[in-house]
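# Build me a model from this:
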Amino acid sequence: MTEWEKAQAGYLYDANFDPEIVQKRTRCADLCYEFNHCKPSDTQVQQRLLHQIFGEIKGDIIVTAPFYCDYGFNISVGSNFYTNHNCTILDAAKVEIGDSVFLAPNCVISTAGHATDPLQRSQGLEFAKPIRIGNHVWIGANVSVLPGVTIGDNTIIGAGSVVNRDIPSGVVAAGNPCRVIRNITEEDKHKYPVFSSQD
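This is a model prediction of the structure:
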């Protein structure tokens, strides 16, 4: 079993010294470098590079530079995906993001973790657990989503949260560690004023 296969199967693996893994990360780093140095108006070049970086793109997406990821091909994003500045996705395991997911600035989505044992850690051993984010999710600024987490559909994660456990669908959740605060209800449709030409 290769080190990459170990990572995908959930075993500790050599993330730092295995040549195949280093080569995969270097390829992605070069593509992210190109993307991050595009002029903001070069949208066609940006889209071409994003299709080279991500494993799957299911529709129109907007990624605001700078953007960073480890491998890229382990990430799938749905349509109407948007991330603001300075998003980092560490995709040693699969990252699956649904439709209409919005990420505010400075979000980190990390499937990667280091070994707890100090000797294993110093040998460069890491683990990776997949992350799944459902449809119509809004993640606030400076949120960290940690390995193995699933976030359900239609959920909001408040700014500054550390998401270290699964969060269900249809809720507002926030904090460190992130916890459910309340359900999203029909009343939320009337929380903010909506302009109407009939007024």
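
# For the rest of this, base every contact and every neighbour count on C-alpha atoms.
Will do.

# so where do the helices sit in the chain?
Counting by DSSP state H, the chain has these helices, from start to end: 3-9, 19-36, 43-53, 118-122.

# per-residue confidence at the most centrally placed residue in the chain?
Centrality entry for the chain: nearest residue to the mean C-alpha point is Ile109, 3.9 Å, by C-alpha atoms, centre = their mean. Per-residue confidence (pLDDT) for Ile109: 98.

# going forward, begin numbering at 31 instead of 1
With 31 as the first residue, the last one maps to Ile139.

# any chance of the helices of the chain in JSON lines, plus distance to Arg195?
Formatted as JSON lines, those follow (distance: least, C-alpha to C-alpha, whole Å):
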{"stretch": "helix 33-39", "distance to Arg195": "20"}
{"stretch": "helix 49-66", "distance to Arg195": "27"}
{"stretch": "helix 73-83", "distance to Arg195": "28"}
{"stretch": "helix 148-152", "distance to Arg195": "23"}
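
# before we move on, back to that, in contact with the residue nearest to the centre of the chain, which residues?
118-120, 161, 174-176 (C-alpha atoms under 8 Å, 6 or more residues apart in numbering).

# Let's see that with 10 Å instead.
Counting by C-alpha atoms under 10 Å, 6 or more residues apart in numbering, Ile139 touches 99, 117-121, 125, 161, 173-177, 179, 193.

# so which pair among the residues you listed is furthest apart in space?
Cys99 and Val193 (18.7 Å; C-alpha to C-alpha).

# Any regions of the protein where pLDDT drops low?
Low-confidence regions of the chain, defined here as pLDDT under 70, cover residues 229.

# Verify the stated contact: Lys36 with Ile51.
No. With the criterion set as C-alpha atoms under 10 Å, Lys36 and Ile51 do not qualify as a contacting pair; they are 11.4 Å apart.

# tell me, what's touching the two both at once?
Asp44.

# For those two, indicate the residue with more neighbours.
Set side by side, Lys36 and Ile51 give different neighbour counts by other C-alpha atoms under 10 Å, the larger being at Ile51 (18 against 15).

# ok, that one - contacts?
When contacts are counted by C-alpha under 10 Å, 6+ apart, Ile51 touches 32-34, 44-45, 100-101, 122.

# List the ones among those that fall in strands.
Counting by DSSP state E, the members of the contacts of Ile51 that fall within strands are Asp44.

# Mind checking which of the contacts of Ile51 are buried?
Among those, the ones that count as buried by 16 or more other C-alpha atoms under 10 Å are 33-34, 44-45, 100-101, 122.

# So which of those residues is the closest to Asp90?
Once C-alpha to C-alpha is applied, the member of the buried ones among the contacts of Ile51 that ends up nearest Asp90 is Tyr101, at 20.9 Å.

# on that earlier part again, the contacts of Ile51: which two are farthest apart?
Of all pairs drawn from the contacts of Ile51, the widest gap by C-alpha to C-alpha lies between Thr32 and Asp100 and measures 17.9 Å.
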